[in-house]
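Colleague: Structure here, sequence nowhere to be found:
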């Protein structure tokens, strides 16, 4: 374990004790969205205590005793739906609950995916190839070219934009219903052009609204200050004017380029780099189109 990781998660690794208030001790479990919720919950008016833990996809076998120590003390588990035996480790939501010394209150939150603002953008998992270069996202237009499926329109029709939005609503609603998770769809719709930076990085307004619903679910006051910074800020994807028009959103929110770690990156540069990467990893593009066939069909209409 690196010294930086140990210091970053100092309370998790027992380097220093967690700060405890009079309120409940809350563990947030999941990906980077879960960590953003932790930041917001820690700042609530009620003296909620939280512990920063590594995201679930970074937890290692050596981390399990530390996770067990934390789970034995928590009052509330705020968890995205994590399947049992995730990555061959007992990191599932139900597995954490089963190991808790005192039965904590469970609040399930969804993994937020919202493609309304970025109908071209998809996530494709390829363990062998890893992530594509420049940004960890795939573009349906680039995938189609790389897979030999021909070029899609650079600008989608209004019908295509709304079809992808409706697909996002259906998929998110289905996942929420399946897992009994808090509802976030209305927050995304209400936030409009500010709903998300990328398909899996919701904006502050969405995260604040979801954190308030977590507090309400455990009977705590829903008083949350603005965090004073943009959460999930590493990558901002382009937002096409035609997309905003189709969704009746203000055109001033349009962006033609990416912002990656504060640096502006042209969309054409991303596309060229990723096309070359697909040539080195044949099969990834075709698999991506199969995985996102419904969104691909909607874009092509």
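Modeller: It's in. No experiment lies behind these values; they were computed from the predicted model shown.
Colleague: switch to C-alpha atoms for all contacts and neighbour counts from now on
Modeller: Fine.
Colleague: Quick one: list the elements packing against the longest helix anywhere in the chain.
Modeller: Counting by DSSP state H, the longest helix found in the chain is helix 158-179. On a contact count with 3 or more Cα pairs under 8 Å, 6 or more residues apart in numbering; DSSP states H and E, helix 158-179 meets helix 185-191, helix 241-246, helix 293-300.
Colleague: For that helix, buried residues please.
Modeller: Neighbour counts over helix 158-179 (16 or more other Cα atoms under 10 Å) mark 158, 160-165, 167-169, 172-173, 175-176 as buried.
Colleague: so how far is that helix off the chain centroid?
Modeller: 16 Å (Cα atoms, centre = their mean, to the nearest Å).
Colleague: Then stretch 88-101?
Modeller: With Cα atoms, centre = their mean, you get 21 Å for stretch 88-101.
Colleague: returning to that earlier point: just put the helices and strands packed on helix 158-179 in CSV and tack on mean pLDDT and mean neighbour count.
Modeller: As requested, the helices and strands packed on helix 158-179 are exported to CSV (pLDDT from 0 to 100; neighbours: other Cα atoms under 10 Å):
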stretch, mean pLDDT, mean neighbour count
helix 185-191, 98, 16
helix 241-246, 97, 18
helix 293-300, 86, 18
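Colleague: Any idea which of these gets closest to residue 121?
Modeller: helix 293-300 (9.4 Å; Cα to Cα).
Colleague: residues making contact with that closest one?
Modeller: Applying Cα atoms under 8 Å, 6 or more residues apart in numbering, the external contacts of helix 293-300 come out as 119-120, 140, 152-153, 156-157, 160-161, 163-164, 167, 289.
Colleague: Include pLDDT and distance to residue 15 when you put the residues you listed into CSV, please.
Modeller: Putting the contacts of helix 293-300 into CSV (pLDDT from 0 to 100; distance: Cα to Cα, whole Å) gives the following:
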residue, pLDDT, distance to residue 15
119, 96, 44
120, 95, 44
140, 95, 45
152, 82, 53
153, 84, 54
156, 91, 52
157, 94, 54
160, 95, 52
161, 96, 49
163, 96, 50
164, 96, 46
167, 96, 45
289, 94, 46
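Colleague: Output those in TSV; the columns should cover distance to residue 86.
Modeller: Below are the contacts of helix 293-300 laid out as TSV (distance: Cα to Cα, whole Å):
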residue	distance to residue 86
119	29
120	29
140	28
152	36
153	38
156	37
157	39
160	35
161	34
163	32
164	29
167	27
289	25
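Colleague: Give the full set of residues in contact with residue 286.
Modeller: 143, 144, 146, 147.
Colleague: Mind checking which of these are in helices?
Modeller: 143, 144, 146.
Colleague: who wins for most neighbours among those residues?
Modeller: Scoring these on neighbours with other Cα atoms under 10 Å, the highest-scoring entry is residue 143 at 27 neighbours.
Colleague: ok, that residue to residue 264 distance?
Modeller: 23 Å (Cα to Cα, to the nearest Å).
Colleague: likewise residue 48?
Modeller: Distance from residue 48 to residue 264, by Cα to Cα: 38 Å.
Colleague: Would you mind telling me which of these two has more residues around it?
Modeller: residue 48 (20 against 13).
Colleague: Model confidence for the more buried one, exactly?
Modeller: Looking at residue 48, its pLDDT is 85.
Colleague: Is there a neighbour count for the residue lying closest to it once chain neighbours are set aside? I'd like the number.
Modeller: Spatially, and ignoring its direct neighbours in sequence, residue 48 is nearest to residue 23 (4.9 Å; Cα to Cα, 6 or more residues apart in numbering). Residue 23 has 12 neighbouring residues, counting by other Cα under 10 Å.
Colleague: that older thread, from the ones in helices among the contacts of residue 286, which single one is nearest residue 30?
Modeller: Distance to residue 30 across those (Cα to Cα) is lowest for residue 143, with 28.3 Å.
Colleague: Which parts of the stretch 1-150 of the chain are helices?
Modeller: Ranges of helices within the stretch 1-150 of the chain are 3-8, 32-42, 64-71, 93-99, 140-146, based on DSSP state H, counting those that start in this stretch.
Colleague: Of these, give the one that comes closest to residue 278.
Modeller: helix 140-146 (6.4 Å).
Colleague: packing partners for the closest one?
Modeller: So helix 140-146, by 3+ Cα pairs under 8 Å, 6+ apart, packs with helix 267-280, helix 284-291.
Colleague: Where does the spatially closest residue to residue 141 that is not a sequence neighbour sit, in terms of helix or strand?
Modeller: Nearest residue to residue 141, sequence neighbours excluded (Cα to Cα, 6+ apart): residue 152, at 5.4 Å. Under DSSP states H and E, no helix or strand contains residue 152.
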